[in-house]
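>>> Sequence and predicted structure, then a few things I'm wondering about:
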Amino acid sequence: MDNFTLTKTKGYWYYYCYYQEKRKRFSTGVKNQKRAYQYCLDLERSRRLIPNKETGQITFGEFAKPFYVWGECPIVSDKISRGYHYSQTLCNSNKLCLNKNIIPTFGDLCLSEITEDMVNIWLLDLKNPRMVDEKKYKGIANSTANKQLKLLRDIFSIAVKRRLIETDPAKNVHKLYDNVNRRGSFTLEEAQQILSHKEYWESHFVLLIK
């Protein structure tokens, strides 16, 4: 008999189990019931159904609280101290993205419990409509989803530096295809080749202007 029960809330599967005679709820971080069940089985087998906060583990939500808060975020403060420009508007925008697109999935999970597979499923799912705090949001474009992945990687990189986790679970997750039209530019060799053919130009004067 399993020592947990599954329930679906806001599109994601959570599991309940008892700890110190109290019923606790934790997120699996996934929307697929079979994946959620297997995730809980793996936790149960390794005796990790209860996130081990007592031994110093911290949830992603707790760790991420100061991130992209102006004057508190270690990423923003570091960039500014190194001479880079980082506006408060961008900082606030990234905080909104964090709360809307990242925290709902990973907030209740301990940093050490988040896996590459979870991050990959989350990234692919950003393209689909979803409910966050009882609000319905449309799926986001691939380019926007990739920006969320970068935010997540930046946060995990700090967790690695602080030795809270050994590796970044988002590091090897492939970005989505960015279908935004980009303008190309000539290489030095291509530019030299074009400029070397005088017959392409109306006159030497036009060539000099170009």
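Looks like it arrived, so ask away.
>>> And the contacts of stretch 143-151?
Defining contact as C-beta atoms under 8 Å, 6 or more residues apart in numbering, one finds that stretch 143-151 is touched by 68, 94, 97-98, 101-102, 119, 123, 126-127, 140, 170, 173, 175-176, 178-180. C-beta here means a position set from N, CA and C on the backbone, and glycine is covered the same way.
>>> Over to stretch 7-24?
Here stretch 7-24 makes contact (C-beta under 8 Å, 6+ apart) with 3-6, 25-33, 36, 40, 49-50, 104-105, 108, 130-134.
>>> Give me the subset of those lying in strands.
Secondary structure from DSSP state E places Thr5, Leu6, Arg25, Phe26, Ser27, Arg130, Met131, Val132 of the contacts of stretch 7-24 in strands.
>>> hmm, which of those are the buried ones?
Applying 16 or more other C-beta atoms under 10 Å to these, the neighbour count classes Phe26, Ser27, Arg130 as buried.
>>> burial count for Lys88?
That one is not Lys; residue 88 is Gln. Gln88 has 10 neighbouring residues, counting by other C-beta atoms under 10 Å.
>>> Ok, Tyr84 next?
Tyr84: 9 neighbours (other C-beta under 10 Å).
>>> That one and Val76: what is the separation?
Going from Tyr84 to Val76 by C-beta to C-beta, to the nearest Å gives 9 Å.
>>> Ile114 now?
Taking C-beta to C-beta, one finds Ile114 at 23 Å from Val76.
>>> Enumerate every residue touching the nearest residue in space to Trp122 that is not next to it in sequence.
Nearest non-adjacent residue to Trp122, counting by C-beta to C-beta, 6 or more residues apart in numbering: Thr105, 5.0 Å away. Applying C-beta under 8 Å, 6+ apart to Thr105 gives the contacts Tyr12, Ser27, Gly29, Met118, Trp122.
>>> distance of the first one from Lys161?
As judged by C-beta to C-beta, Tyr12 and Lys161 stand 29 Å apart.
>>> thinking again about what came up before, go through the ones in strands among the contacts of stretch 7-24 and name the one with the lowest pLDDT.
For these, the model is least confident at Val132; its pLDDT is 70.
>>> That one and Pro104 touch, don't they?
Yes. Because the distance of 5.2 Å satisfies C-beta atoms under 8 Å, Val132 is recorded as touching Pro104.
>>> Got the domain ranges for this structure?
With domains defined by automatic domain parsing, the chain comprises 1-50, 55-183.
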